[in-house]
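K.L.:
Okay, predicted coordinates and the sequence, questions at the end:
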Amino acid sequence: PYDVLVIGGGPAGASAAIYSARKGIRTGIVAERFGGQVLDTMTIENFISVKSTEGPKFAASLEEHVKDYEIDIMNLQRAKSLQKNDDNMFELELDNGGVLKSKTVIISTGARWRQIGVPGEEEFKNKGVAYCPHCDGPLFEGKDVAVIGGGNSGVEAAIDLAGIVQNVTVLEFAGELKADEVLQERLNSLPNVDVKTNAQTTEITGDDNVNGITYIDRASGEEQHVDLEGVFVQIGLVPNTEWLDESVERNRIGEIITDKRGATSVPGLFAAGDVTDSPHNQIIISMGDGANASLGAFDYLIRN
Ligand code: FAD
């Protein structure tokens with residue numbers, strides 16, 4: 001059996017695996033797609049000490065660093081279920097039927113942005129369609145953008161973007177914004193933000209890059225079009241936790257609840273990165289989280 005089995009091969013998982021291997025304990029890592037969300041990223045400019053890089057390049061160096069250690073890498077393997085047996089040993093079942101055993105487990109299966117699913121979204125991903133304002137906001141400096149979604153994340157994104165871009169149009173499907181009152185007040189105080197409620201986005205248009213957004217005004221039934229260069233989709237981030245049973249405590253939106261040591265409600269089970277209830281989802285934060293959970297798991301091992 002493994003001492004530490006990491007599930008997920010994004011920044012959090014890679015960091016957790018390296019920190020474990022450096023303790024000289026038996027470490028394995030299972031990933032459906034090594035690299036994680038970073039593989040879908042164009043430019044990364046906020047990983048401190050690396051001024052600018054590209055997602056696939058960053059993912060390749062993550063893997064290269066992991067390969068530098070004695071870590072069993074099981075790539076292209078999907079975790080199906082996790083159980084703790086009577087000898088206090090975790091058993092991870094994979095989609096291919098294989099079962100892996102480990103004394104501790106670190107879950108770092110990340111999250112995915114909920115997609116709006118309209119024409120143009122897929123086509124213009126990284127060509128004007130974006131999901132992360134902290135990451136991609138500065139790429140739209142001085143331009144016009146839209147934010148789809150009027151919940152907390154959408155309104156926070158709009159406030160953030162308003163300080164960088166020329167103009168922000170917020171599109172909310174419902175008749176009113178869903179964000180906290182203080183955020184709405186802040187949003188309404190900004191001169192370069194337009195809010196459209198009852199707005200059903202129907203298409204993101206473009207040629208080589210995004211050039212506009214089309215929506216139906218649900219109040220009048222009329223189709224409207226706004227010319228702009230960027231669209232931030234902010235309709236929620238979904239943690240990849242559907243495969244876990246109820247023993248692992250999660251919050252309302254399915255994120256795994258962890259303490260300061262990365263420990264979950266199940267002894268010996270840790271979690272790190274976007275899959276947890278930590279508030280901000282960033283590469284640098286996920287990596288720190290992975291290191292933290294790994295040290296937490298090591299501490300657990302020497303006490304049990
Ligand atoms: P993830 O990167 O999501 O990795 C999860 C891993 O788990 C993957 O290997 C996945 O295949 C695997 N997995 C999932 N389910 C299973 C399963 N059942 N079995 C086995 N494996 C599984 N952050 C920044 O700091 N800067 C940026 O510029 C930036 N740009 C971004 C641009 C885009 C388009 C996106 C989508 C995100 C961006 N982010 C950026 C956010 C950043 O990518 C994430 O915060 C970070 O990747 C989270 O790391 P993670 O390891 O927690 O999860």
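P.N.:
That came through fine.
K.L.:
how far away is V182 from H280?
P.N.:
V182 is 19 Å from H280, where distance means Cβ to Cβ, to the nearest Å. In this view, the C-beta of every residue, glycine as well, is placed from N, C-alpha and C.
K.L.:
Surely D217 is in contact with Q224?
P.N.:
Yes: contact between D217 and Q224 holds when scored by Cβ atoms under 8 Å: they sit 5.7 Å apart.
K.L.:
Find residues that contact each of these two.
P.N.:
Taking Cβ atoms under 8 Å, 6 or more residues apart in numbering as the contact criterion, the residues that touch both D217 and Q224 are K196, A199.
K.L.:
Show the contacting residues for the residue of the stretch 101-250 of the chain found nearest the ligand.
P.N.:
Nearest residue of the stretch 101-250 of the chain to the ligand: G110, at 2.0 Å (Cβ to the nearest ligand atom). Contacts were defined as Cβ under 8 Å, 6+ apart; by that measure G110 touches G8, G10, A12, G36, Q37, P239, N240, G273, D274, V275, S286.
K.L.:
check contacts around the nearest residue to the first one once chain neighbours are set aside.
P.N.:
In space, G8 comes closest to S108 once its chain neighbours are excluded; the distance is 3.7 Å by Cβ to Cβ, 6 or more residues apart in numbering. Counting by Cβ under 8 Å, 6+ apart, S108 makes contact with 6-8, 10, 12-13, 16, 271-273, 275, 286, 290, 293.
K.L.:
what sits against the closest residue to T53 other than its chain neighbours?
P.N.:
The shortest distance from T53 to any residue other than its chain neighbours is 5.1 Å, reached at I44 (Cβ to Cβ, 6+ apart). For I44, the residues meeting the contact criterion (Cβ under 8 Å, 6+ apart) are V38, V50, S52, T53, E54, G55, F58, C135, I283.
K.L.:
Same check on Y215?
P.N.:
Contact criterion Cβ under 8 Å, 6+ apart gives L171, K196, A199, Q200, T201, T202, E223, Q224, H225, V226 as the residues in contact with Y215.
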